[in-house]
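>>> Here you go, sequence then predicted model.
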Amino acid sequence: DGGITQSPKYLFRKEGQNVTLSCEQNLNHDAMYWYRQDPGQGLRLIYYSQIVNDFQKGDIAEGYSVSREKKESFPLTVTSAQKNPTAFYLCASSIGRQGRPYEQYFGPGTRLTVT
Amino acid sequence: AQSVSQHNHHVILSEAASLELGCNYSYGGTVNLFWYVQYPGQHLQLLLKYFSGDPLVKGIKGFEAEFIKSKFSFNLRKPSVQWSDTAEYFCAVNARMDSSYKLIFGSGTRLLVRP
């Protein structure tokens, strides 16, 4: 089955701890994205990566970090510097050939709760 | 700045009623438009897209959308809704950023269809 997997589905952390969310795709897509979804606010872009070993900040990158060491993997770390980390996090991918718009495919999401 | 507005945050309909969800965007360049749907407990998935050509776009499950350039709109329609259409619907526009594109989402519309 081709698709995007995110794990875990639910994650609970204490305030002050860093936490890493996993995202893996087997669609052979070049581009990968991380979004944050909050009620009534739609999805907001955190980070994106067009190719391996390269990534760019999105609209709300503060308090987050990413890596892209492999084409199929794009983990997101929510650091203790993120002031409001409790949210639903969605990973997406697209064919992403530079300069061309393509639709994005989404994973099932990880719901992070920080107390 | 680019933005997408969905004016209806919550819509409640009875089965067989007609549906129209509004979407307006603010973007000066060539637009690519999308409607995504998030059924309860499921992945965000693509409902339909407009890249070019016929401004009336047909998607999955009987949905369609019309791109009206002069009104900066991309409203979603379905002539007769079913209980299974209960979901959250997101309009999105593909906006150019450097040498790639990003999706800008509206805040979403929650549709409840009563049997």
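Thanks, I have the structure now.

>>> Would you mind listing where chain A has pLDDT under the threshold?
Low-confidence segments of chain A, defined by pLDDT under 70, span residues A:1-2, A:97-99.

>>> How about residues contacting the longest strand along chain B?
For chain B, the longest strand by residue count, based on DSSP state E, is strand B:87-97. The contact list for strand B:87-97 (Cβ atoms under 8 Å, 6 or more residues apart in numbering or on different chains) reads A:42-43, A:101, B:2, B:4, B:6, B:21, B:23, B:25, B:27, B:29, B:31-40, B:44, B:47, B:74, B:76, B:101-106, B:108-111. Where C-beta positions appear, they are placed from N, C-alpha and C, glycine not excepted.

>>> Sort out which of those residues are in strands and list them.
Short answer: those in strands (DSSP E) are A:43, B:4, B:21, B:25, B:32-38, B:44, B:47, B:74, B:76, B:101-105, B:109-111.

>>> for residue A:40, what are its contacts?
By Cβ under 8 Å, 6+ apart, the residues touching residue A:40 are B:9, B:107-108.

>>> Kindly recompute the last result at 10 Å.
Residues in contact with residue A:40 (Cβ atoms under 10 Å, 6 or more residues apart in numbering or on different chains) are B:9, B:107-108, B:110.

>>> Any of the residues you listed buried? List them.
B:107-108, B:110 (16 or more other Cβ atoms under 10 Å in any protein chain shown).

>>> Contacting chain A as well, which ones from these?
Among the buried ones among the contacts of residue A:40, the ones lying near chain A by Cβ under 10 Å from any Cβ of the partner chain are B:107-108, B:110.

>>> In CSV, list those residues along with pLDDT.
Putting those into CSV (pLDDT from 0 to 100) gives the following:
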residue, pLDDT
B:107, 93
B:108, 95
B:110, 96
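
>>> Which one of the contacts of residue A:40 is nearest to chain A?
Chain A lies nearest to residue B:107 out of the contacts of residue A:40, by Cβ to the nearest Cβ, at 4.5 Å.

>>> Thought residue A:42 was touching that closest one, still the case?
Yes: Residue B:107 is in contact with residue A:42 according to Cβ atoms under 10 Å; the separation is 4.5 Å.

>>> intersection of neighbour lists for these two?
B:4, B:6, B:90-91.

>>> Find the residue closest to residue B:58 in space, skipping its chain neighbours.
Nearest non-adjacent residue to residue B:58, counting by Cβ to Cβ, 6 or more residues apart in numbering or on different chains: residue B:64, 4.9 Å away.
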